[in-house]
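>>> The following block contains a protein sequence and its predicted model.
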Amino acid sequence: MSPPVVVTVAGTDSGGAAGVAADLTTFAALGVHGACVVTAVTAQDTTGVRAVHPVPLDVVAAQLDAVLEDLDPVAVKTGMLGTPETVRLVADRCADRILVVDPVIVATSGAVLADDAVVRAYRDHLLPVATVATPNAEEDDRLGRDHGATVIRTGTGGADLLCVPGQPPVRLAHPRVDTDNDHGTGCTYAAALAAELAHGLALPDAARSAASYVVGQLRLSQRWTLGRGRGPVAHLHQPKPHHEGDSA
Ligand SMILES: Nc1ncnc2c1ncn2[C@@H]1O[C@H](COP(=O)(O)OP(=O)(O)OP(=O)(O)O)[C@@H](O)[C@H]1O
Ligand SMILES: Cc1ncc(COP(=O)(O)O)c(N)n1
């Protein structure tokens, strides 16, 4: 039987921690076929973002149309969108699918990846058609709640908060991993959530499973020493036996 298809609409991270790299590896690990629409190229490593090059809108639209028309993905996950026009494009094309919006505004390193116009476009166009959005606390506060979307407010203290409009918030607790290697956790979480929703899980179950996936990957990379800054969350799985011992 064919796997469900999930498409990520996101930027690249040359350091391999966040963005498209995180999304595609997470999709593969969780048994969905991943397609990718690249919205921006970033020159980025564990210490920060050196340059951002937005992909022209017509090229983003061409990628998205190709995937939607041919592969008919059941779910769409958005990461860094970069421009208000790209945010509107996704809202116009993807409103009728499972739509997981990770509103990437500020990177773990502190780099600003969305200006005020992008934040407004999220609020006015994309969040109102999202199945669920996954802002961290700072992003949630920037966006407010007038958009009416279901929100999972992610936290790094071992719990996330599921907020369905009109219902009391539900605390989703999970273990906390003590590590500095957390670059890419937001992307990985939202990608895992999209994969589990594509498999048909209900939102609270998909959220628990996504958090458990992130915790497992954080444990794997907990003591890695890659790069000079905030290292990547693991995107590999148990190393194959003949590669064991490659690194300390
Ligand atoms: N140290 C940690 N231990 C356990 N879970 C963590 C840790 N850090 C983050 N998480 C979990 O990872 C998921 C993603 O949250 P995080 O706050 O890192 O994303 P984010 O800041 O929104 O990232 P982005 O900027 O990409 O949106 C959440 O489920 C959160 O609880
Ligand atoms: C291309 C791209 N997309 C998303 C993020 C946010 O991820 P994080 O908050 O882990 O830095 C990033 N740094 N780069």
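Noted; the coordinates are in hand. Ligands and ions are numbered 1, 2, ... in the order given.
>>> quick one: the helix ranked longest in the chain near ligand 2?
Longest helix in the chain by number of residues (criterion: DSSP state H): helix 203-220. No: judged by Cβ under 6 Å from any ligand atom, helix 203-220 stays clear of ligand 2, getting no closer than 11.0 Å. (Each C-beta comes from the backbone N, C-alpha and C, glycine too.)
>>> Return the residues of this protein in contact with ligand 2.
10-13, 18-19, 42, 44, 79-80, 104, 107-108, 183-187.
>>> picking that back up, show me how far the longest helix of the chain is from its chain's centre.
13 Å (Cα atoms, centre = their mean, to the nearest Å).
>>> List the buried residues for stretch 127-135?
Buried positions in stretch 127-135, judged by neighbour count with 16 or more other Cβ atoms under 10 Å: 127, 129-135.
>>> picking that back up, now tell me what touches the longest helix of the chain from outside.
26, 29-30, 131-132, 150, 152, 160, 162, 170, 172, 174-175, 177, 179, 181-182, 185, 188-190, 192-193, 196-197, 201, 233-237 (Cβ atoms under 8 Å, 6 or more residues apart in numbering).
>>> change it to 7 Å
Outside of helix 203-220, the residues within contact range by Cβ atoms under 7 Å, 6 or more residues apart in numbering are 30, 132, 152, 160, 162, 170, 172, 174-175, 177, 179, 182, 185, 188-189, 192-193, 196-197, 201, 233-234.
>>> Could you tell me the end-to-end distance of stretch 210-228?
Taking Cα to Cα, to the nearest Å, the first and last residues of stretch 210-228 lie 28 Å apart.
>>> what is the mean pLDDT for it?
Within the predicted structure, the mean pLDDT of stretch 210-228 is 97.
>>> check contacts around Thr185.
Contacts of Thr185 were listed using Cβ under 7 Å, 6+ apart, and they are 214, 218, 233.
>>> filter those by proximity to ligand 1?
214, 218.
>>> which one of the contacts of Thr185 sits closest to ligand 1?
The shortest approach to ligand 1 among these belongs to Val214, at 4.3 Å (Cβ to the nearest ligand atom).
>>> any idea how far the closest one is from Asp141?
For Val214, the distance to Asp141 equals 22 Å [Cβ to Cβ, to the nearest Å].
>>> Buried residues, the longest strand seen in the chain. List them.
Counting by DSSP state E, the longest strand found in the chain is strand 33-44. Neighbour-count burial for strand 33-44, counted by 16+ other Cβ under 10 Å, picks out 33-42, 44.
>>> would JSON lines of these with pLDDT be doable?
What follows is these, written out as JSON lines (pLDDT from 0 to 100):
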{"residue": "His33", "pLDDT": "98"}
{"residue": "Gly34", "pLDDT": "98"}
{"residue": "Ala35", "pLDDT": "99"}
{"residue": "Cys36", "pLDDT": "98"}
{"residue": "Val37", "pLDDT": "99"}
{"residue": "Val38", "pLDDT": "99"}
{"residue": "Thr39", "pLDDT": "98"}
{"residue": "Ala40", "pLDDT": "98"}
{"residue": "Val41", "pLDDT": "98"}
{"residue": "Thr42", "pLDDT": "97"}
{"residue": "Gln44", "pLDDT": "96"}
